[in-house]
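Undergrad: Quick one, fold the following:
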Amino acid sequence: MFRLRVSRLVAGAGARTLTGMELKKLSISRCCLITGPKTGSTGYCREVVKSVEAEGIEVSVWKGVDREPDEEIFSDCLDFVRSEGPDAVVAFGGGSVLDTAKIVNACYCLGRDLRFFLTPSSQLVRFRLKPFIAIPTTFGTGSETTCASVLKVDGVKRGILHESLLPDTAILDWEIKAPERVAASAGMDAVMHAFEAYTCLESDRVESGFYSGSNEVTDSLALRALELLSNLPDYVKRGEHAREVAVGSNVAGMAFGNAGVHFGHAASYAIAALTGRPHGECVASVGQALLEWIEENISSEKAENVRKALGRSIDDVRREAGTPSLSEMGLGMDDVPELVKRTMEVKRLIVMRPEIDEKAAREIFERALSF
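TA: Purely as a prediction, here's the structure:
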């Protein structure tokens with residue numbers, strides 16, 4: 001058995017200007033727009049606000065989400081939304097903005113605290129929330145079409161999973177261009193989403209949990225996402241193939257938001273803790289080593305299909321896009337024990353590829369350090 005959860009999608013060049021129309025369809029009279037300090041100062045954001053106001057809808061803007069949102073940022077944002085009392089919430093920004101806005105909307109609507117959503121019992125009920133529209137400005141996280149949110153809690157990045165966090169509508173606009181390093185990191189995150197969704201535990205072996213495991217639908221989505229994302233280096237370096245990368249990121253989000261991810265994303269938390277590097281760079285740094293381990297121990301066919309979809313190796317794409325290797329981040333063999341320890345603690349992801357034990361994790365990290 002498996003499930004499929006996706007957001008309603010509005011996609012196209014200039015689609016950001018349809019935000020007001022989408023809210024109007026929902027009979028919204030007042031909304032809050034959550035964004036970041038830099039993104040909120042762009043012409044793109046002003047166009048979103050203008051489109052909302054053009055429909056006679058009041059909009060208040062909060063620009064306080066930075067790259068690593070924590071409990072303080074979350075609390076400030078929640079206080080703002082509660083004070084405004086909107087009928088809907090719009091998020092405009094990268095994954096951090098979307099993730100923060102998702103959980104803020106949930107807590108605002110339910111009168112709950114963040115920690116309520118960290119308890120297993122909270123996942124037993126799907127709540128009816130205010131309409132939520134997600135507009136990504138980076139193409140990689142897939143947050144606009146998943147039920148996941150990542151925030152720092154007690155100084156540690158925590159993944160929050162709840163069906164109520166799925167955005168009602170995703171607006172995908174490939175005219176929006178992020179800075180080169182951000183585009184590369186986000187894009188490699190999307191590559192890893194598709195790769196891990198395709199190679200995670202099969203759905204008939206998943207006993208229970210939030211993710212369904214890989215299946216016929218998510219496999220098709222993941223491979224198509226990899227084909228589209230093979231254009232990532234051209235997008236990062238020359239701004240070409242924006243449509244393919246934007247759609248590929250969204251499709252990869254559909255794949256992993258249902259099938260799940262596994263070792264690569266667990267490892268990324270460990271790498272980020274030791275290096276402070278962006279998530280996409282961290283997860284991409286173990287991609288090729290993980291693919292080779294899967295080829296040797298799980299499925300040579302799936303590994304070959306990943307290469308065919310990308311047209312080359314994961315590490316070729318990583319180098320061409322310009323994200324660093326594990327060793328280029330300053331890590332070495334002496335760091336492997338700590339990386340293994342921290343990675344294996346992320347049990348909610350490790351269970352999606354349970355064959356990777358501590359010995360295998362060590363092998364993957366050591367191999368990644370050779371690239």
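
Undergrad: measure the most far-flung residue of the chain relative to its centre to Val89 for me?
TA: Distance from the C-alpha centroid of the chain, by CA atoms, centre = their mean, peaks at Gly56 (32.4 Å). Counting by CB to CB, to the nearest Å, the separation of Gly56 from Val89 is 18 Å. Bear in mind the C-beta positions are built from the backbone N, C-alpha and C, glycine included.

Undergrad: Ok, Pro37 next?
TA: To Val89, Pro37 is 18 Å away according to CB to CB.

Undergrad: more neighbours, the two?
TA: Val89 (28 against 11; other CB atoms under 10 Å).

Undergrad: Confirm that that one sits in a helix.
TA: No - counting by DSSP: H, G, I helix; E, B strand; the rest coil, Val89 falls outside a helix, being strand.

Undergrad: model confidence over stretch 137-157, on average?
TA: Averaged over stretch 137-157, pLDDT sits at 91.

Undergrad: Of all the residues in that stretch, which ones are buried?
TA: For stretch 137-157, the neighbour count (16 or more other CB atoms under 10 Å) marks 137-152, 157 as buried.

Undergrad: Could you do stretch 96-109 as well?
TA: Buried residues in stretch 96-109, defined by neighbour count with 16+ other CB under 10 Å: 96-109.

Undergrad: Include distance to Asp189 and pLDDT when you put those residues into a markdown table, please.
TA: As requested, the buried residues of stretch 96-109 are exported to a markdown table (distance: CB to CB, whole Å; pLDDT from 0 to 100):
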| residue | distance to Asp189 | pLDDT |
| --- | --- | --- |
| Ser96 | 12 | 94 |
| Val97 | 15 | 97 |
| Leu98 | 13 | 97 |
| Asp99 | 13 | 95 |
| Thr100 | 17 | 96 |
| Ala101 | 19 | 97 |
| Lys102 | 17 | 96 |
| Ile103 | 19 | 94 |
| Val104 | 22 | 96 |
| Asn105 | 23 | 96 |
| Ala106 | 23 | 94 |
| Cys107 | 26 | 94 |
| Tyr108 | 27 | 95 |
| Cys109 | 28 | 94 |
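
Undergrad: which of those residues lies closest to Ser325?
TA: Ser96 (24.3 Å; CB to CB).
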